[in-house]
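Colleague: Need the 3D shape of this:
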Amino acid sequence: MAPGKDRTRKLVRLVEDGFFLKKENMEVSSMTAADYFQYCRIAYIAGKRKEETVDKSLNGREMYSRYADGRHEGLLDIYSASEQEFADWIDGKHPKRGCGGHPWEIKRGGNTTHIDLTVSRPPSYRQEGFKVELRGESIGRMVETMRIFLAIHKAKFPISLANPEGAR
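Modeller: This is a model prediction of the structure:
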């Protein structure tokens, strides 16, 4: 069977088995910028298009700095290993947190054709833990989004997918 069909079946199975209904599959109790950049490294390698070049010798932070949108709102300026600095940055309390940027746009595109890897507080406004979600719903980016999602899942990192039923 072709790799694409295998990946499609895997995603369909995850949706149908309720993967996206279990918070332990999509949330982490603590996180640092370095943790986020590890997600990004997996994403850049897995989501590489034929016409793109991804330097695998770079770490996740370096990849994010090179390949993301560039409007990071101070994410690259905080201390990467600090859970508290990342939490303060997410909560808008960190002095280096800017506004008006696109810190989650890891793969550039237009208004509807970019890919985001977002970190937010979980639903119900809990102030602990983080939800990590991949969003790339454009039909032109769906294959790459699914490759990214499945690679992060394979790495056993908690991950959600925006509109998993629609992707299925």
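Colleague: show me where pLDDT drops low in the chain?
Modeller: 1-3, 110, 112, 124-126, 167 (pLDDT under 70).
Colleague: can you map out the helices along it?
Modeller: Ranges of helices within the chain are 3-16, 23-26, 33-46, 60-67, 83-90, 142-154, 164-167, based on DSSP state H.
Colleague: among the ones you listed, which is nearest residue 113?
Modeller: helix 142-154 (10.7 Å; C-beta to C-beta). Heads up, the C-betas are built off the backbone N, CA and C, glycines and all.
Colleague: how about stretch 60-78: buried residues?
Modeller: 60-61, 63-65, 67-69, 72-73, 75-78 (16 or more other C-beta atoms under 10 Å).
Colleague: and the residues you listed as CSV, adding distance to residue 41?
Modeller: CSV is the format used below for the buried residues of stretch 60-78 (distance: C-beta to C-beta, whole Å):
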residue, distance to residue 41
60, 3
61, 8
63, 5
64, 8
65, 12
67, 10
68, 12
69, 16
72, 16
73, 20
75, 15
76, 14
77, 19
78, 18
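Colleague: Farthest-apart pair in those residues, please.
Modeller: Farthest apart among those by C-beta to C-beta are 67 and 78. That separation is 19.2 Å.
Colleague: Sort out which residues of stretch 6-18 are buried, please.
Modeller: For stretch 6-18, using 16+ other C-beta under 10 Å, the buried residues are 7-8, 11, 14-15.
Colleague: Would you mind confirming that residue 147 makes contact with residue 45?
Modeller: No. If you go by C-beta atoms under 8 Å, residue 147 and residue 45 don't touch, sitting 9.6 Å apart.
Colleague: Comparing those two, which shows the higher neighbour count?
Modeller: Neighbours were counted for residue 147 and for residue 45 using other C-beta atoms under 10 Å; residue 147 has more, 19 against 16.
Colleague: For the more buried one, which non-adjacent residue is closest in space?
Modeller: Leaving aside its sequence neighbours, residue 147 sits nearest to residue 46 (C-beta to C-beta, 6 or more residues apart in numbering; 4.8 Å).
Colleague: Same check on residue 24?
Modeller: residue 158 (7.1 Å).
Colleague: these two touch, right, that neighbour and residue 27?
Modeller: Yes. Contact criterion C-beta under 8 Å: residue 158 and residue 27 qualify, at 5.8 Å.
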